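A.B. asks: How does the following fold in three dimensions:
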Amino acid sequence: MQYQLKTRQICLFFVAFLPVTKIFMLPSVFEKFAENDMWISCLCNIILDLAAVFAMIFACRKADTDFFGLLKNSFGNVGSKIILSLYVVYFFIKAIMPINEQKDYIEITFYATLPNIFTFVPFFLISFYISVKKIRVIGRCADVLWAITSLGFLLLVGLSVSNVDIQALLPFGVRGAKSILSGSYSALSWYGDSAYLMFLIGQFAYKKKDGLKIFFTYLLASFAILLFMILFYCIFTSTAHRQIFSLTEISKYSSVIINIGRFDYIGILLILFASVFSMSMPLYFASLILSEITGIKKSWISALIINGGMFVFLMLFSEFFSTVQYYIFNYAGIYFLILGNLFPLFTPLLKTEKKKNALYQN
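C.D. replies: Numbers count the residues shown, from 1 in each chain. Below you'll find the model as predicted:
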């Protein structure tokens, strides 16, 4: 088999791309439902993802082909295309909230006059360029971006620690299971990153202890997200729901910033740079899957359909995005739960008979 990735790159993929899309709007969503128990809602989603990753590690150990081949072996051509079509929709919807929230952040932060969707066109140009590349490029991006993400995250967290009131988390569980689970359910579109690992099956040479490396790297990235949620609420407490863009708010009351200036902008810019690539990942995998379903040989066609479709979608619903957000929060959760968490649990059961199957030739 021709492997396009290394285990190191799989691990760094989660460090580079997992945390950055979850530190813009997501903390305020959790707080809206669960208040000081928001970290428990976050923890519930992390546990779901870790269970899926654990199952897929077993699939990686026994697989002798990629995920496309596993589906064809198990469900046939028609069945596999139906499942893959569901994942095209999955990744497309998964990209909506992170892209829109950063679009709003950029427009509100950098544009004094009334902005429009065309101010965010450069992102789609970058996303389109990434989407036409082979999967080895994703590994190379991870090799570089993990350091940028880590540095930006550590800088913001370091500047915010002095403002933390850990007692704000007490008492635990006071909001009740319903509020906690409602927060988890509403945030499912930001999670389910474990689904990426399914489409990386067969793309790296699995060796002894690789499963532990992947699992604990994913655990580390998840812990960083959980830590950010805790810091966010412990800083803003009862006013946390008003902090829509937590990225710029969490560190601005640091004494360093008060005495020197917005030193946190360095961390913010690092996170913003990494997030461009992180937001491109769902669109990349949606394009990849679409090429497999349709048999399109020229990857730029699938990339244009997916990226162009997202641009048109955001342009058409820019004035009604609160309605889109409402439906994603209240109705799309079950879709993400099934495809992002439940289906991956069964990947070790997929048939692995050897068949001729080109690995992501598009």
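A.B. asks: how far does the host helix or strand of residue 50 sit from the chain's center?
C.D. replies: Assigned by DSSP states H and E, residue 50 belongs to helix 38-62. Helix 38-62 sits 14 Å away from the centroid of its parent chain (C-alpha atoms, centre = their mean, to the nearest Å).
A.B. asks: got a list of what residue 5 touches?
C.D. replies: 135, 136, 138, 139, 200, 203, 204 (C-beta atoms under 8 Å, 6 or more residues apart in numbering). For every residue, glycine as well, the C-beta is placed using N, CA and C.
A.B. asks: which among those residues gets closest to residue 55?
C.D. replies: residue 200 (14.1 Å; C-beta to C-beta).
A.B. asks: What count of nearby residues applies to the closest residue to the closest one other than its chain neighbours?
C.D. replies: Nearest residue to residue 200, sequence neighbours excluded (C-beta to C-beta, 6 or more residues apart in numbering): residue 10, at 6.0 Å. Residue 10: 24 surrounding residues under other C-beta atoms under 10 Å.
A.B. asks: So that it lines up with my notes, have the first residue be 20 from now on.
C.D. replies: With 20 as the first residue, the last one maps to residue 29.
A.B. asks: Work out for me the element residue 29 sits within.
C.D. replies: Using DSSP H and E, residue 29 falls in helix 26-36.
A.B. asks: Now which of the contacts of residue 24 would you call buried?
C.D. replies: If you count burial by 16 or more other C-beta atoms under 10 Å, the buried members of the contacts of residue 24 come out as 154, 157, 158, 219, 222, 223.
A.B. asks: Can you add distance to residue 231 and give those back as a markdown table?
C.D. replies: Listed next are the buried ones among the contacts of residue 24 as a markdown table, based on distance: C-beta to C-beta, whole Å:
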| residue | distance to residue 231 |
| --- | --- |
| 154 | 23 |
| 157 | 22 |
| 158 | 20 |
| 219 | 17 |
| 222 | 19 |
| 223 | 15 |
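A.B. asks: helices and strands of the chain: which one bottoms out on pLDDT?
C.D. replies: Lowest on mean pLDDT, DSSP states H and E among the helices and strands of the chain sits helix 274-279, with a mean of 58.
A.B. asks: which of the residues in the helix or strand following that helix are buried?
C.D. replies: Where DSSP H and E defines the elements, the next helix or strand beyond helix 274-279 is helix 284-313. Neighbour-count burial for helix 284-313 flags 286-287, 289-291, 293-312 (criterion: 16+ other C-beta under 10 Å).
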